[in-house]
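Q: prediction below, plus the sequence it came from.
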Amino acid sequence: SYTVGAWYQTRGGPDLFLNREGLPLTVAGGVPLADRERSGLYGVAVQELYRPNPANPLASLSAFVRVTMANSSTSFIDRQETIGFVYKGFWAARPLDWIGFGIGQSHASHGLAQSIQRANLLDGGVRPIPGYERVLEVFYSLALSPDVVVRPNIQFINRPGGFSGRTDILVFGVKSGVTF
């Protein structure tokens, strides 16, 4: 399946870089430029790569790609990209279970980085400039029934928050879902 979309928030939000006079916040101070539009684009692609038994649609290996772009003036994260694989029905005893692997990254907005850089130049500070945060995730989707799933996952996060000086972290999580 392939999906492309966009969003636009008419109410908007505060600018990350400019004040109401159109000057850099970190240099001139003041109140952030308000009611800037919030918008973005996204795309999702899921493609089946392999089906061990053509007669069984529940068992397959698929690849996915997700991309999101947002207005860097009003969004703290302006880009996200994810790629990965999902193997459904790989175990005959649990035909509705999945196992998956994904790699993704989130990019801190250019407006936010620009604001921090100006503040450092202005006062001689050494605030870290955010960049990319990268994540590696492995998950297992346990189908308790066709409509109820529990999905434990392990994530390795490189450069948490997009800051290169931060220690990498390991996160254990659980997601669940119910289809009505």
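A: It's in. Here the structure is a predicted model, which is why all the values come from computation and not from measurement.

Q: the most centrally placed residue in the chain sits in which helix or strand?
A: Note on the chain: the residue nearest the mean C-alpha position is Q80, at 4.8 Å, using Cα atoms, centre = their mean. Using DSSP states H and E, Q80 maps to strand 77-88.

Q: list the buried residues in the helix or strand following that strand.
A: Next in sequence after strand 77-88, counting helices and strands by DSSP H and E, comes strand 98-108. By 16 or more other Cβ atoms under 10 Å, the buried positions in strand 98-108 come out as 98, 100, 102, 104-108. The way it works is simple: take the backbone N, C-alpha and C, and place the C-beta from them, glycine included.

Q: mind putting the residues you listed into TSV with distance to L49?
A: Output for these, formatted as TSV (distance: Cβ to Cβ, whole Å):
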residue	distance to L49
W98	14
G100	13
G102	15
G104	19
Q105	23
S106	26
H107	28
A108	33
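
Q: can you tell me the SS state at G161?
A: helix (DSSP: H, G, I helix; E, B strand; the rest coil).

Q: tell me what G173 is bridged to.
A: On the basis of DSSP bridges, G173 is bridged to N153.

Q: in this structure it contacts V150, no?
A: No. G173 lies out of contact with V150 (Cβ atoms under 8 Å); the separation is 11.2 Å.

Q: closest to S115 among the buried residues of strand 98-108?
A: A108 (10.7 Å; Cβ to Cβ).

Q: dig out what the closest one forms beta bridges with.
A: Following DSSP bridges, A108 is listed with bridge partners I77.

Q: in contact with it, which residues?
A: When contacts are counted by Cβ atoms under 8 Å, 6 or more residues apart in numbering, A108 touches 76-78, 130-133, 161-162.

Q: tell me the two of those residues that are most distant?
A: Using Cβ to Cβ, the two most remote members of those are D78 and G161, lying 14.4 Å apart.

Q: now the most far-flung residue of the chain relative to its centre, what's its secondary structure?
A: Distance to the chain centre peaks in the chain at A55, reaching 35.1 Å (criterion: Cα atoms, centre = their mean). Three-state call for A55 (three-state DSSP): coil.

Q: roughly how far apart are it and R38?
A: Here the criterion is Cβ to Cβ, to the nearest Å. By it, A55 lies 47 Å from R38.
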